[in-house]
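Asks: Could you work out the structure for the sequence below:
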Amino acid sequence: MVYDYLVIAAGAESNTPGLPGADAGAFTFRSPVQAERIQTELDRLLLEQGRVRIVLAGGGTEGVEVGGEIADRIDSRGRGKDLEEGEVSVSIIEGQPRLLPCFPSGVGEFAGQYLKGRGVTVLTGERIAALEPGQVTLQSGRSLRSDLLIWTGGIRPSALIRNLSLAKDRNGWLLVDEMLRCRDDARIFGVGDAVSIRGPEGTVPVSRLAYHALDQAAVAGGNIASAVAGGEMQKYRPRQRRQLISLGRNMGISATAEGFVTGAWVVGLKKAVERAHLLGYLGRPLVNGILSRIPGAGILDRLRSNSGRGGVSRD
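Replies: Residues are numbered from 1 along each chain as shown. You can find the predicted model right below:
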């Protein structure tokens, strides 16, 4: 491959940690196509079967959001009463002691109580030990029937990243410095889920969330422009923002490191933010649309004026 500069943004894929049968027997949830497949299979089961058992492997953000959406779908298909009475079941399995383990404890507790109130079963401190067609066995020895298994239990580096002969951390993520340059080639930059950022004092803690990837993209693009022009590169500094989590159409959580608030308005806000990004991309030329929505837009102008702000810091 010939390049002047290369940006790697290969993302991640669902992590089924060596569990036999998981890749073939579980639906993953990493793309719109996969989401459509899950919806089609769920609708088929609700239409054709009396008793339906749905299992979600993982109780992080993805798991609780999918759990809420599935409860909504069951209700919209006229089987909400069956969910309440146990004829249809939805179970979330989380290996940590609580849901949403990366958030303050109250966030996971609220999510668990709300989902339980909708008829969802929450099993924390449990992990899947074995899979057979139609059945999930937990490490505790408990078995669950499973007509539909959805894997929402974490991510791992994509096959592209795994096959690259570039420096990686012990978990296989691409190692980059604070300017987002790969250690083996300063002309290669990495952004998003694919990377682990390492500074002089160790790993820079960054959650694998979309807004961090957007900030990183702005920094990497600015640093490439600066490198071409012979200018000074900027360090990426993660900024913590409010996280919006939906638990279905009628409840959401807005969380920060300091606390959280809840309500249906959070769902509306989250959809508005998603819609604003989508319309921005579709309604403008590609580059202008993306730059206009990236926190820290106008980075090239700021680089020229030597006044880094918004996800960028100067030595």
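Asks: Quick one: the helices in the stretch 1-150 of the chain, in order.
Replies: 22-25, 32-48, 61-76, 80-85, 105-117 (DSSP state H, counting those that start in this stretch).
Asks: Also the stretch 201-315 of the chain?
Replies: With DSSP H, counting those that start in this stretch as the criterion, the stretch 201-315 of the chain has helices spanning 210-229, 264-283, 286-293, 299-305.
Asks: which stretch in the ones you listed is the model least sure about?
Replies: Mean pLDDT is lowest for helix 299-305 out of the helices of the stretch 201-315 of the chain, coming in at a mean of 41.
Asks: contacting residues for Phe103?
Replies: By CB atoms under 8 Å, 6 or more residues apart in numbering, the contact set of Phe103 is Gln243, Ala255, Phe260. Backbone N, C-alpha and C define where each C-beta goes, glycine included.
Asks: most neighbours, which of the residues you listed?
Replies: Ala255 (23 neighbours; other CB atoms under 10 Å).
Asks: dump the residue contacts of that residue.
Replies: By CB under 8 Å, 6+ apart, Ala255 lies in contact with Phe103, Pro104, Val107, Arg242, Gln243, Ile245.
Asks: now, which of these lie within strands?
Replies: Of the positions in these, Gln243, Ile245 sit in strands, assigned by DSSP state E.
Asks: Save the contacts of Ala255 as a markdown table, and put in pLDDT and distance to Gly25 too.
Replies: A markdown table is the format used below for those (pLDDT from 0 to 100; distance: CB to CB, whole Å):
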| residue | pLDDT | distance to Gly25 |
| --- | --- | --- |
| Phe103 | 88 | 29 |
| Pro104 | 85 | 34 |
| Val107 | 94 | 31 |
| Arg242 | 85 | 37 |
| Gln243 | 88 | 31 |
| Ile245 | 93 | 28 |
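Asks: and Ala272, how many residues sit next to it?
Replies: 11.
Asks: now it: how far from Val266?
Replies: As judged by CB to CB, to the nearest Å, Ala272 and Val266 stand 11 Å apart.
Asks: One more: Gln216?
Replies: 26 Å.
Asks: These two: which is more packed in?
Replies: Remark: of Gln216 and Val266, Gln216 carries more neighbours, 25 against 21, as counted by other CB under 10 Å.
Asks: for the more buried one, what are its contacts?
Replies: Leu180, Val191, Gly192, Val195, Tyr236, Gly311.
Asks: Check Tyr3 too.
Replies: Applying CB under 8 Å, 6+ apart, the residues contacting Tyr3 are Arg187.
Asks: From Ile224, how far off is it?
Replies: In terms of CB to CB, Tyr3 sits 11 Å off from Ile224.
Asks: who touches both of those two?
Replies: Joint contacts of Tyr3 and Ile224 (CB under 8 Å, 6+ apart) do not exist.
Asks: what about this protein, any weak spots by pLDDT?
Replies: 17-18, 23-24, 276-315 (pLDDT under 70).
Asks: Apply 80 and report the result again.
Replies: Residues of the chain meeting the criterion pLDDT under 80: 1, 14-25, 29-31, 154, 257, 273-315.
Asks: Looking at it, which residue reaches furthest from the middle?
Replies: Within the chain, Gly230 marks the point farthest from the mean C-alpha position, 35.8 Å out by CA atoms, centre = their mean.
Asks: for that residue, phi and psi?
Replies: Backbone torsions for Gly230, taken as degrees, to the nearest 10, come to phi 70, psi 30.
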